[in-house]
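Chemist: can't give you the sequence, but here's the structure:
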Ligand SMILES: CC(C)C[C@H](NC(=O)CN)C(=O)O
């Protein structure tokens, strides 16, 4: 009986928050190699949780990653688990990740990022929304059935990884190698690694891809005093900023030749769908805290967020960034930027276009410094068929829990493995967001609302 399940979930709220608190306390930052032990510990905790629920659990070794200094480091194991193997039932596989983006209190957090703190119905902590609470929601859904000794209506598998935030290293190969084993009986894949667009619940049918680049400019043997040497050497930082400035215009036009050639045209049907979505551009602007957006028209804004490519410059390694006034000329600097790409762009083509473009503009500078360009992540975009029965089931579950129709949305961010699931396993995927529109993913004060978490967990039960 669904009412027993809902009562069980209602009665276990405190326990759920406590488990999330324990998970958030683990600094499972996949981009920081010094935190790797924490990431290994996190994967063990996930395995343990699923094992205690009676699942058939494996921690799958996916090999090593090569670090820029030439050394190698073991990737965190991928946790797989299985609940039920009834051939008369469909099998769904829930994918999620438990690694997080970096976070420090000094970045401007109001609370300690790794100490889950509840304020006015929101749970603040790094990874609370991206993606620890959503992973736990799916675990708690099955746990409720098990605890009440109720038969699961479907067989459930889990695939939980620890490298999503750095491009899901090693996971492509694991999925390919397990196509005819772990994935052989999987009918559908569910991902809850995204957020709603507004206060309305949503279903997500597309994500952008991500090509992440390092552009390194190297000059003198060591850092130099700008008073002693300034004016006599061609500075790596000046070169780097010069070439980064040729990537995108102030109004957002990407300047890399050919980059938009493969972008699928924006159809009238899409235009109509975007037009029908309830979305207030002005509150979006206010929430971000900017005076002006690139587009004030709802359709154009959503289109540029979801289905046009863009360039973002993320940082410069080697640059002086402390609060003081060091007067240095850095000897070697690495610019980090990424291109969010959309159907039908291909990361291999983007890699060549970007590399050729940067070398060409650098050559024009006639600088004696050395430029190296490397693509670090090459994750493809993903798009689902919203007419698939998976989306019909999703819409029905949302309608039953929230009593409103789900917004059909796309995601500007990337879930690197989504497209691999689709291409390799040939199974259909649905994204059921368990994050609020204002959760602050990757940002300061990331949070999960207890209400959203609770209600979407119920959607999971009904799904
Ligand atoms: C390739 C990126 C690092 C992936 C990352 N994914 C998410 O945030 C999904 N929760 C992104 O920046 O989009």
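Modeler: In hand now; what should we look at? Computed from a predicted structure; not experimentally measured. Residues are numbered from 1 along each chain as shown.
Chemist: can you get me a residue count around the residue of the chain found nearest the ligand?
Modeler: Going by Cβ to the nearest ligand atom, the ligand is nearest to residue 413 of the chain, at 3.2 Å. C-beta here means a position set from N, CA and C on the backbone, and glycine is covered the same way. Residue 413 has 18 neighbours, counted by other Cβ atoms under 10 Å.
Chemist: quick one: residues contacting it.
Modeler: 194, 207, 208, 340, 441 (Cβ atoms under 8 Å, 6 or more residues apart in numbering).
Chemist: I figured the first one hits residue 411, correct?
Modeler: Yes. Under the criterion of Cβ atoms under 8 Å, residue 194 makes contact with residue 411 at 4.5 Å.
Chemist: overlap in contacts of those two?
Modeler: Jointly contacting residue 194 and residue 411 under the rule Cβ under 8 Å, 6+ apart are 204, 207, 431, 433.
Chemist: show me what the closest residue to the first one other than its chain neighbours bridges to in the sheet.
Modeler: Among residues not flanking residue 204 along the chain, residue 431 sits closest, at 3.7 Å (Cβ to Cβ, 6 or more residues apart in numbering). Under the criterion DSSP bridges, residue 431 forms beta bridges with residue 191, residue 204.
Chemist: per-residue confidence at residue 431?
Modeler: Listed pLDDT for residue 431 reads 96.
Chemist: show me what contacts it?
Modeler: Residue 431 makes contact with 190-194, 203-205, 207, 384, 411, 415, 418, according to Cβ under 8 Å, 6+ apart.
Chemist: out of those, who's the most crowded?
Modeler: residue 204 (30 neighbours).
Chemist: can you pull the residues of the stretch 301-450 of the chain lying near the ligand?
Modeler: Residues of the stretch 301-450 of the chain lying close to the ligand (Cβ under 6 Å from any ligand atom) are 377, 379, 413, 414, 415, 416, 441.
Chemist: again, only using 5 Å
Modeler: Remark: the part of the stretch 301-450 of the chain in contact with the ligand comprises 379, 413, 414, using Cβ under 5 Å from any ligand atom.
Chemist: buried stuff in the helix or strand containing residue 3?
Modeler: In the assignment (DSSP states H and E), residue 3 maps to helix 2-11. Applying a neighbour-count criterion of 16 or more other Cβ atoms under 10 Å, one finds 5, 6, 8, 9 buried in helix 2-11.
Chemist: and the strands in the stretch 251-400 of the chain?
Modeler: 310-317, 328-329, 332-341, 370-379, 382-383 (DSSP state E, counting those that start in this stretch).
Chemist: I'd like those strands as TSV, with distance to residue 130 and mean neighbour count appended.
Modeler: Formatted as TSV, the strands of the stretch 251-400 of the chain follow (distance: least, Cβ to Cβ, whole Å; neighbours: other Cβ atoms under 10 Å):
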stretch	distance to residue 130	mean neighbour count
strand 310-317	17	15
strand 328-329	35	17
strand 332-341	16	22
strand 370-379	16	17
strand 382-383	17	22
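Chemist: closest to residue 85 out of the ones you listed?
Modeler: Across the strands of the stretch 251-400 of the chain, residue 85 has its closest neighbour in strand 382-383 (28.2 Å, Cβ to Cβ).
Chemist: from the contact counts, what lies against that closest one?
Modeler: On a contact count with 3 or more Cβ pairs under 8 Å, 6 or more residues apart in numbering; DSSP states H and E, strand 382-383 meets strand 202-207.
Chemist: could you give the angle of whichever helix or strand comes after the strand it packs on to strand 370-379?
Modeler: Counting by DSSP H and E, the element after strand 202-207 in chain order, helix or strand, is strand 209-218. Strand 209-218 and strand 370-379 are oriented at 160 degrees to each other (axes from the mean of the first three to the mean of the last three Cα atoms, to 10 degrees).
Chemist: next helix or strand past strand 209-218?
Modeler: strand 224-225.
Chemist: sheet partners, orientation included, of that next one?
Modeler: strand 328-329 (antiparallel).
Chemist: and for the strand it pairs with, what are the contacting residues?
Modeler: Residues contacting strand 328-329 (Cβ under 8 Å, 6+ apart): 220, 223, 224, 225, 226, 229, 230, 233, 235, 236, 237, 320.
Chemist: how does it look with 6 Å?
Modeler: 223, 224, 226, 235, 320 (Cβ atoms under 6 Å, 6 or more residues apart in numbering).
Chemist: apart from its chain neighbours, what residue comes closest to residue 229?
Modeler: Take residue 229 and drop its neighbours on the chain: the residue closest to it by Cβ to Cβ, 6+ apart is residue 329, 6.1 Å away.
Chemist: quick check: the gap between the one you found and residue 371.
Modeler: Distance of residue 329 to residue 371, given as Cβ to Cβ, to the nearest Å: 17 Å.
Chemist: list the buried ones in the lengthiest helix in the chain?
Modeler: Assignment by DSSP state H gives helix 347-365 as the longest helix of the chain. Of the residues in helix 347-365, 347, 349, 350, 351, 353, 354, 355, 357, 358, 361, 362 count as buried by neighbour count, 16+ other Cβ under 10 Å.
Chemist: check the offset of it from the chain's centre.
Modeler: 26 Å (Cα atoms, centre = their mean, to the nearest Å).
Chemist: what is the orientation angle of it with strand 332-341?
Modeler: Using the same axes, to 10 degrees: helix 347-365 against strand 332-341 is 140 degrees.
Chemist: picking that back up, list the contacts of whichever helix or strand comes after the helix holding residue 3.
Modeler: Toward the C-terminus, helix 2-11 is succeeded by helix 13-24 as the next helix or strand (DSSP H and E). Residues from elsewhere that reach helix 13-24 (Cβ under 6 Å, 6+ apart): 116, 125, 127, 128, 132, 133, 136, 140.
Chemist: what do you get for stretch 414-430?
Modeler: Contacts of stretch 414-430 (Cβ under 6 Å, 6+ apart): 167-168, 171-172, 175-176, 179, 183, 186, 188-190, 193, 207-210, 379-380, 382, 384, 388, 390, 394.
Chemist: kindly recompute the last result at 8 Å.
Modeler: Contact with stretch 414-430 is made by 93, 95, 161, 164, 167-168, 171-172, 175-176, 179, 183, 186-191, 193-194, 203, 207-210, 340, 377, 379-382, 384-385, 388, 390-391, 394, 431, as judged by Cβ under 8 Å, 6+ apart.
Chemist: circling back: quick one: which two of the shared contacts of residue 194 and residue 411 are the most distant?
Modeler: 207 and 433 (11.2 Å).
Chemist: mind listing the shared neighbours of the two?
Modeler: Shared contacts of residue 207 and residue 433, defined by Cβ under 8 Å, 6+ apart, are found at 194, 411.
Chemist: now the end-to-end length of stretch 19-31.
Modeler: 24 Å (Cα to Cα, to the nearest Å).
Chemist: that one near the ligand at all?
Modeler: No. Shown here: stretch 19-31 not in contact with the ligand (Cβ under 5 Å from any ligand atom), separated by at least 8.5 Å.
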